[in-house]
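Student: Mind looking at a prediction? Sequence and model below.
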Amino acid sequence: MENPDGDETKAFVDQLNAISAPFIEGSKHREECRKRLTELWNYEKFTCTSKHGPHYYYSHNSGLQNQFVTYQTDAVGTKGKVFFDPNTLSEDGTTSLTTSSFTKDGSLFAYGLSEAGSDWMTIKFKTSSGEDLPDVIPGAKFSGIAWTGDNKGIFYCRYPEHKGSMVGTSTEKHEWHSLYYHKMGTKAEEDVLVYKRTDNPDLIVIARVTEDGRYLLISVVRGADPFNMLYYYDLKAAGNKITGPIDPVPVVTTLEAKYEYMDHDGDRMIFRTNRDAPMFKVVSMSLTEGVSSQVDLIPENDKATLAWGVPIIGGRLLVSYFEDVKSTLYMHETSSGRRLYQLPLEIGTVSDLHWDKTENELFLAFESFLVPMIEYKMDFSGVPIEKMPDMKETRRTHLSGMEKESFKVEQVFYPSKDGTKIPMFIISNANMPRSGENPMILDGYGGFGVPYVPYFDVARLLFVRHYGGAWAIANLRGGGEYGEAWHEAGMREKKQNVFDDFISAGEHLFSKKITKPEKLCIIGGSNGGLLMGAVSQQRPALFGCVINAVGVLDMFRFHKFTIGAAWMAEYGCPDVKEDFEFIAKYSPLHNLAIPADGQWPATLLMTADHDDRVVPSHTLKYIATLYEKAKDHGKQSNPIMARVEVKAGHGAGKPMAKVVNRRASGYILVHRTRHGSQVEAVIYRLIRRSTSCDKLSSRANVHLLCCDSRIHMP
């Protein structure tokens, strides 16, 4: 099952879809659900406006387009003309724009394209007038695009020693991530290796060029480790000439803290860091003197997590915090760090931002659980530094039939198993009764220092409105809601805290008579899929159904494939005895056991054939093992199934049609199980009768026994 192109694997995938398709597509509610989701999704969507050179740009989706279309205009608020449309690049909409970068003067545009959801991308170029340039760079991965100040080339990253396919189905382990330079007008084969680590194959390189084009900054991270090393190279002193490997100057050489670039003045740079500050702070330091010259500019706030900061014209620094999982914005003076004023925001999240410290205009986008998107423009022309310019609303997305007054959002704090207070948002109809009978979805992630902040999701509101339910989002430890200490409390040997936090969320919902176990569905993807696998094993009777998307489920071998080794900083290394001991206690695949006196909750697993981040074998091995244990368990009547999507990846860039179908599939399981519906007997007859399914399940378990007894972020 670890070979996605193997005949037996393909046959097993066909069997899985033959089981799940009749259950999902055969529901009399599927078409109604899909139709209503499609109707709701059919509203205009915009991204935040940006300015590059003389032109403004924004991306727009008329409603049901598979990919957003980028427009170019000369005036804010006008439609302008189509600049780039990914929908024209493939008939099924599976070619997507994954990253892009303009030159400082806005004359050239570099962009990365992904096929079928893969993390691999091809970099191409065009001029601001729309002319396509001949330069093409295939095989970039986990890479940004950084232009040199003279517009003559870009820095990007790839895996130079990767031998396998780059179409998204290869599971080959990624090693020796390296930085390259491409000179415009040359072939990709002539690109220059700029920087490569030789001490650890799992290190990842991240590069950027400062806005004035002077410095190339190179961060080196150990996978998903929240710390980085930092180096710089003076491009101006080198005349922007890159002809071979460079010898960058070290600034931070140990993995003990995170340093995130914000601004610089000469060789004095400003960073966001968690060195001696788990909630983060802003510091300045000299590049030539290093960490010893570090001075606090904005001290740590032990009540709020400093999320990011950007330089604004006139010696200003715009800083965002998470205060109890809600975005707040403050303007500071760059030279002194003193706070000038707070920008007014509703409860929600700053979801996008465009700034340039040499331009007077700032654009920011805001959203919340109930507000799709509001764009604000601020103009600093002639405004004294102590005064806040007007926040002018330039665009607001409206969604008919889903007025926010019809809903209620509340934030609660509940105790976890060890007494830690965990925040949770609950979205419901304004008049939801507290009867214990409400159908409910509980959502969580809890990993990699990623905060689960309020964002708009129309499918979530569909469930609340039309199913009469509620949706809860638990802000678990392991995330970044309360800084690095909160993250570390849910990683490695403390991963069980994440599972306890989630289980306690369910118990809190029951105690407050919002729902009951048979009415509660849990949902999570990627690292959140690991969460689903662990909690459904540890407390199967607590949940009515489980939706597990692209989950990390084989914790003994996750590091053997593609980018999985990058997650060892978060999970530990299964090849290290001390780490293996705590991983083995919760690894979903290796702890599967159906309760002797009960049954497994209704479960839908979802993966994709082009997921080259969390490879499909996680789901395939897990469902094979679950089927093998379930087929001889006489009490098991809850549906258990997997859906394997074709020409799709981990999630990013998914065409709109696939998004709607995927969400509809999950809701069908929720709908059928919340009404007490049971899986048709034909599904289990199919499982028992399928010799290829049984054969591959058995081989999977033998393979796991033989292999596992040896001791960029999902």
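Tutor: Arrived safely, thanks for sending. Residues are numbered from 1 along each chain as shown.

Student: immediately after the helix or strand harbouring A459, which helix or strand?
Tutor: In the assignment (DSSP states H and E), A459 maps to helix 458-466. The helix or strand immediately downstream of helix 458-466 is strand 470-474, counting by DSSP H and E.

Student: Run the chain-centre distance for that following strand.
Tutor: Relative to its parent chain, strand 470-474 has a centroid offset of 18 Å by Cα atoms, centre = their mean, to the nearest Å.

Student: likewise stretch 131-141?
Tutor: Relative to its parent chain, stretch 131-141 has a centroid offset of 25 Å by Cα atoms, centre = their mean.

Student: List the buried residues in that stretch.
Tutor: Across stretch 131-141, burial judged by 16 or more other Cβ atoms under 10 Å covers D135, I137, G139, A140, K141. Every C-beta, even on glycine, is put in place using the N, C-alpha and C of the backbone.

Student: Show me where the protein dips below the pLDDT cut-off.
Tutor: 28-30, 164-169, 610, 647-713 (pLDDT under 70).

Student: give me the beta-bridge partners of M229?
Tutor: Counting by DSSP bridges, M229 is bridged to V220.

Student: Tell me the spacing between it and I206.
Tutor: 10 Å (Cβ to Cβ, to the nearest Å).

Student: who touches both of these two?
Tutor: Here M229 and I206 have S219, V220, V221 as joint contacts, going by Cβ atoms under 8 Å, 6 or more residues apart in numbering.

Student: hang on, the last one packs against N200?
Tutor: Okay, so that is V221. No - with contact defined as Cβ atoms under 8 Å, V221 does not reach N200; the gap is 10.8 Å.

Student: So for those two, which residue has more residues nearby?
Tutor: V221 (21 against 12; other Cβ atoms under 10 Å).

Student: Next up, the contacts around the closest residue to Y586 other than its chain neighbours.
Tutor: Leaving aside its sequence neighbours, Y586 sits nearest to A534 (Cβ to Cβ, 6 or more residues apart in numbering; 4.9 Å). By Cβ under 8 Å, 6+ apart, the contact set of A534 is F499, Y586, P588, N591.

Student: what do you get if the cut-off is 6 Å, keeping everything else the same?
Tutor: F499, Y586, P588 (Cβ atoms under 6 Å, 6 or more residues apart in numbering).

Student: Of these, which belong to helices?
Tutor: F499 (DSSP state H).

Student: Can I get the contacts of A534 in JSON lines including distance to P433?
Tutor: Listed next are the contacts of A534 as JSON lines, based on distance: Cβ to Cβ, whole Å:
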{"residue": "F499", "distance to P433": "30"}
{"residue": "Y586", "distance to P433": "36"}
{"residue": "P588", "distance to P433": "35"}
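
Student: how about CSV for the contacts of A534, with neighbour count added?
Tutor: Output for the contacts of A534, formatted as CSV (neighbours: other Cβ atoms under 10 Å):
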residue, neighbour count
F499, 25
Y586, 21
P588, 26
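
Student: Could you check how far V546 is from K629?
Tutor: On the measure of Cβ to Cβ, V546 and K629 end up 15 Å apart.

Student: So between those two, which is more surrounded?
Tutor: Shown here are V546 and K629; by other Cβ under 10 Å, V546 has more neighbours (27 against 17).

Student: The more buried one is in contact with P601, isn't it?
Tutor: Yes - between V546 and P601 there is a contact under Cβ atoms under 6 Å: 5.3 Å.

Student: got any residues that touch both of those two?
Tutor: With Cβ under 6 Å, 6+ apart as the test, V546 and P601 both reach S536.

Student: what about the closest residue to L179 other than its chain neighbours, how many neighbours?
Tutor: The shortest distance from L179 to any non-neighbouring residue, by Cβ to Cβ, 6+ apart, is to Y195 (4.2 Å). Look at Y195: counted by other Cβ under 10 Å, it has 21 neighbours.

Student: State the helix or strand in which Y195 lies.
Tutor: Y195 belongs to strand 192-196, assigned by DSSP H and E.

Student: Give the partner strands of that strand in its sheet and their orientations.
Tutor: Using DSSP bridges, the strands paired with strand 192-196 in its sheet are strand 178-183 (antiparallel).

Student: got a list of contacts for the strand it pairs with?
Tutor: Residues outside strand 178-183 that contact it (Cβ under 6 Å, 6+ apart): 137, 153-157, 160, 191-196, 205, 207, 242.

Student: Any quick PyMOL command for the buried ones out of those?
Tutor: Restricted to buried positions by 16+ other Cβ under 10 Å, the PyMOL selection for those reads:
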select buried, resi 137+153+154+155+156+157+191+192+194+195+205+207+242
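
Student: which of the residues in the helix or strand containing Y233 are buried?
Tutor: Element membership for Y233, per DSSP H and E: strand 228-234. By 16+ other Cβ under 10 Å, the buried positions in strand 228-234 come out as N228, M229, L230, Y231, Y232, Y233.

Student: How about the contacts made by the second one?
Tutor: M229 makes contact with V220, V252, T253 under the criterion Cβ under 6 Å, 6+ apart.

Student: Return the member of these nearest to F322.
Tutor: Within the contacts of M229, the smallest distance to F322 is 24.5 Å, found for V252 (Cβ to Cβ).

Student: isn't the closest one right up against L230?
Tutor: Yes - the criterion here is Cβ under 6 Å, and V252 meets it with L230 at 4.2 Å.

Student: Spit out the residues that contact the two alike.
Tutor: Contacts common to V252 and L230, judged by Cβ under 6 Å, 6+ apart, are Y259.

Student: Please work out how many residues are found near the nearest residue to A277 once chain neighbours are set aside.
Tutor: Once flanking residues are discounted, A277 sits nearest to E300: 3.9 Å by Cβ to Cβ, 6+ apart. Residues near E300, counting by other Cβ under 10 Å, number 19.

Student: that's a helix at E300, yeah?
Tutor: No - judged by DSSP: H, G, I helix; E, B strand; the rest coil, E300 forms no part of a helix; its state is coil.

Student: ok now do it, which residues does it touch?
Tutor: Counting by Cβ under 6 Å, 6+ apart, E300 touches A277, M279, K281.

Student: let's see it at 10 Å
Tutor: T273, N274, D276, A277, P278, M279, F280, K281, V282, L306, G483 (Cβ atoms under 10 Å, 6 or more residues apart in numbering).

Student: In helices only, show me those.
Tutor: Applying DSSP H to the contacts of E300, the entries found in helices are G483.

Student: Any of the contacts of E300 buried? List them.
Tutor: Here, 16+ other Cβ under 10 Å leaves T273, N274, A277, P278, M279, F280, K281, V282, L306, G483 buried among these.

Student: quick one: the first one and P299 touch, right?
Tutor: Translated: T273. No - T273 sits out of contact with P299 when judged by Cβ atoms under 10 Å, with a separation of 11.7 Å.

Student: Now do the shared contacts for the two.
Tutor: By Cβ under 10 Å, 6+ apart, T273 and P299 have these common neighbours: K281, V282, V283, L306.

Student: Make TSV out of the residues you listed and add distance to M432.
Tutor: TSV is the format used below for the shared contacts of T273 and P299 (distance: Cβ to Cβ, whole Å):
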residue	distance to M432
K281	41
V282	42
V283	46
L306	35
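
Student: Need the max-distance pair from those residues.
Tutor: With distances taken as Cβ to Cβ, the most widely separated pair in the shared contacts of T273 and P299 is V283 and L306, at 11.1 Å.

Student: those helices in the stretch 351-500 of the chain, which residues are they?
Tutor: Counting by DSSP state H, counting those that start in this stretch, the stretch 351-500 of the chain has helices at residues 458-466, 483-488, 496-511.

Student: okay, the angle between the last one and strand 470-474?
Tutor: Relative orientation of helix 496-511 with respect to strand 470-474: 150 degrees, computed using axes from the mean of the first three to the mean of the last three Cα atoms, to 10 degrees.

Student: Could you give me the buried positions within helix 496-511?
Tutor: 496-510.

Student: try the first one
Tutor: Of the residues in helix 458-466, those scored as buried under the neighbour-count criterion (16+ other Cβ under 10 Å) are V458, A459, R460, L461, L462, F463, V464, R465.

Student: now those in JSON lines, with distance to R316?
Tutor: Shown next, in JSON lines, are those (distance: Cβ to Cβ, whole Å):
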{"residue": "V458", "distance to R316": "35"}
{"residue": "A459", "distance to R316": "38"}
{"residue": "R460", "distance to R316": "36"}
{"residue": "L461", "distance to R316": "37"}
{"residue": "L462", "distance to R316": "41"}
{"residue": "F463", "distance to R316": "42"}
{"residue": "V464", "distance to R316": "40"}
{"residue": "R465", "distance to R316": "42"}
